[in-house]
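Trainee: curious how this folds, go ahead:
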Amino acid sequence: MDQVHNANDPTPGIDWAEKRYLIVDDFVGIRQLLREALRNLGAKHIDQAASGGEAMTLLARTHYDVVLCDFNLGEGKNGQQVLEEARIRNLMTPSSVWLTVSAEKSVESVMGAAEHQPEAYLIKPITEGVLLTRLNRVWLKKQIFRQIDEAYIDKDYLRAARLCDEQATDNKVHEIDLLRMKANLLLKAGEPEKARAVFEQVLEQRDYNWARTGLGKIRMANGEHEAARQMFHSVIAENRYFIDAYDQLAKSLELMGKSQEACDVLEKAAKLSPNSVPRQRNLGQAALKVGNIPLAEKAFRKCIAIGEYSIMKTADAYFGLARVCGQKNDPKEALQLLAVAQRDFTGDTLLLRAKITEGLVYHESGDYRRARKAGDELETMLAADPVRPDIPTCMEMATLLFAVGVKDAPVDLLCYVTRNNHDNQVLLDEVQKIFDKARMGEEGMLLITAARKEATDMMNKGVLLWKTGKLGEAVAWMREARRALPNNLRILFNSAQILISHLQEHGYDDALMAEANDVLMYVDRIAPGQQRFAQMIEQLALLAPAPPPPSVEEEQAGPDAAAPAPAPAQEN
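Mentor: Model (predicted):
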């Protein structure tokens, strides 16, 4: 344990002298005051940054134990955006402490900062006593969560949940925080019923809004949309500043087909906490969907403005605003926005999405000749690249191609979407609506049925090979199935399970281990929170060879036995 270096430190065992500090403030006088306060605590290693950009450079170079960051940093990134980017880029260690320091007391600023969860939000001026008290409190709490955070970063959510139980036994003062983390970990691990039990355990002690919101998420995931809606609504009625409940309420309303009500809820949330790039984007898209062009324009312009220096800056806002301009019969600004998006963003689908949006803009503004030209160019792009884009882009492209009179290419796209989501009825209903709008309702139903059967047959062949002991052939077949249907979750999971079975029956193999891990990491990227993901990650961890040489503790503990793999799911 660290030795005490400050006789006035009320919490023995914390050595503030040897920790590394970063002070971020655009005023040199404030930086000097905070530096002196830290020096009085014994701190020796203190770096300073005068801007958000300078802070990001230092954070990328050094792992700091404590960061004190002002909210307003002048031109460039603000403190909220620095914290946001540091979290997303994993520039902070699990035990690091982030204190947001500000003279800003407005509701929107405090709530915006709180959404990114700094360890504390301190209002200026700050006394040395207040600083020390907060540092002691949050540092000790962070140490309790350190191992849990490390397991979380490794995506081993079930192990992290078990660590919450271990820590709760010894740290009753933090029991509620540990239970909250455990419930959220179980949700990410795809264990909603176990998470439900934790939320209900908490609610027996006290009526926490986050626990009721958690139960609402589970009900929504189970298809109980009205029950979820009522729960989210009751949370908001009790605490109008609990922003997560607004976001979840909007999702539940959208799932119930109440798009206008969902848009209204997002508008209220954006007024309470307007500095969230994803929320403004979602509001713009919701408003565009219900035809509220003025609201969509306001939201997309706000999204672009607050996203200028944010890691969450998104091309979606530029494409959405271009669509708005198309509906306002202003194709000139729309094309300018598309040019900016192509200049400022990168990605495999960016050019494709820009061309789709260009076609939609021309079509919506009545320039059908140019819309058809964009459609022809899209057909050429599709023919040149066999790899299909993400599902929303495929559906948007199909909508445009049907609108400009193309048939074969959008049919192929929608069949691809169906094969990759053959058991997702909500999405298949959206596919059917696109066929209906193109006056291909009955033909579309037959195409959807055939595409679903094709996916099922492909998956079942791999499972049959697995069941008959032909593991090598099963691995090879599922590899081909993944190439044909790269986003089909059932095929991805069955492929990973067959790889695990091969490892269990034929011994460890580096290449197969890496292949199984890559498949699971891809699943977690495109569809986080799947139940089988957490279970398979644990199975892979058990199959990994122990690193040589083993420690004394590992020798005493003995090797873990690999859990038997459950059979991959087969469809009739």
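
Trainee: could you use CA atoms for every contact and neighbour count after this?
Mentor: Fine.

Trainee: so, low pLDDT: which residues of the protein?
Mentor: 1-13, 104-119, 121, 547-572 (pLDDT under 70).

Trainee: so which helix or strand takes in residue 64?
Mentor: Per DSSP states H and E: residue 64 is located in neither a helix nor a strand.

Trainee: so what's it closest to, chain neighbours aside?
Mentor: residue 20 (5.1 Å; C-alpha to C-alpha, 6 or more residues apart in numbering).

Trainee: same question for residue 287.
Mentor: Closest to residue 287 by C-alpha to C-alpha, 6+ apart is residue 296, at 4.9 Å.

Trainee: the helix or strand containing that neighbour packs against which elements?
Mentor: Element membership for residue 296 (DSSP H and E) is helix 293-307. When contacts are defined as 3 or more C-alpha pairs under 8 Å, 6 or more residues apart in numbering; DSSP states H and E, helix 293-307 packs onto helix 277-290, helix 315-327.

Trainee: now stretch 57-74: buried residues?
Mentor: Neighbour counts using 16 or more other C-alpha atoms under 10 Å place 58-59, 63-73 of stretch 57-74 among the buried residues.

Trainee: contact partners for the closest residue to residue 466 other than its chain neighbours?
Mentor: In space, and not counting its chain neighbours, residue 466 is closest to residue 474: 5.5 Å by C-alpha to C-alpha, 6+ apart. Shown in contact with residue 474 (C-alpha atoms under 8 Å, 6 or more residues apart in numbering): 462, 463, 465, 466, 498.

Trainee: measure residue 474 to residue 205 for me?
Mentor: Distance check for residue 474 against residue 205: by C-alpha to C-alpha, to the nearest Å, it reads 50 Å.

Trainee: pretty sure the residue nearest to residue 287 is touching residue 325, no?
Mentor: No - contact between residue 296 and residue 325 fails when scored by C-alpha atoms under 8 Å: they sit 10.3 Å apart.

Trainee: the two: which is more packed in?
Mentor: residue 296 (28 against 22; other C-alpha atoms under 10 Å).

Trainee: mind checking how far the more buried one is from residue 150?
Mentor: Taking C-alpha to C-alpha, one finds residue 296 at 40 Å from residue 150.

Trainee: same for the helix or strand harbouring residue 448, what does it pack against?
Mentor: Element membership for residue 448 (DSSP H and E) is helix 441-467. If contacts are counted by 3+ C-alpha pairs under 8 Å, 6+ apart, helix 441-467 sits against helix 408-420, helix 425-437, helix 471-484, helix 489-506.

Trainee: list the buried ones in the helix holding residue 296?
Mentor: Those would be 293, 295, 296, 297, 299, 300, 301, 302, 303, 304, 306, 307, for helix 293-307 by 16+ other C-alpha under 10 Å.

Trainee: quick check, nearest of those residues to residue 89?
Mentor: Residue 89 lies nearest to residue 307 out of the buried residues of helix 293-307, by C-alpha to C-alpha, at 16.7 Å.

Trainee: that closest one and residue 315 touch, don't they?
Mentor: No - Residue 307 is not in contact with residue 315 according to C-alpha under 8 Å; the separation is 10.1 Å.

Trainee: now do the strands in this protein.
Mentor: Defined through DSSP state E, the strands belonging to the chain, from first to last, are 20-24, 45-49, 66-70, 97-102, 120-123.

Trainee: pretty sure residue 355 is touching residue 378, no?
Mentor: Yes - counting by C-alpha under 8 Å, residue 378 is a contact partner of residue 355 at 7.0 Å.

Trainee: what's the spacing between residue 101 and residue 304?
Mentor: From residue 101 to residue 304 the distance is 26 Å (C-alpha to C-alpha).

Trainee: winner for burial among the strands of the chain?
Mentor: Neighbour counts (mean count of other C-alpha atoms under 10 Å) averaged over each of the strands of the chain peak at strand 66-70, with a mean of 26.

Trainee: what's it in contact with?
Mentor: 19-26, 78-79, 96-102.

Trainee: same question, stretch 29-37
Mentor: So stretch 29-37 is contacted by 23, 24, 25, 46, 48, 128 (C-alpha under 8 Å, 6+ apart).

Trainee: same list (the residues you listed) but as a markdown table, adding distance to residue 455.
Mentor: Below are those laid out as a markdown table (distance: C-alpha to C-alpha, whole Å):
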| residue | distance to residue 455 |
| --- | --- |
| 23 | 55 |
| 24 | 54 |
| 25 | 56 |
| 46 | 58 |
| 48 | 57 |
| 128 | 64 |
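
Trainee: tell me the two of these that are most distant?
Mentor: Farthest apart among those - using C-alpha to C-alpha - are 48 and 128, which lie 18.1 Å from each other.

Trainee: for residue 281, give its distance to residue 272.
Mentor: Residue 281 is 15 Å from residue 272, by C-alpha to C-alpha.
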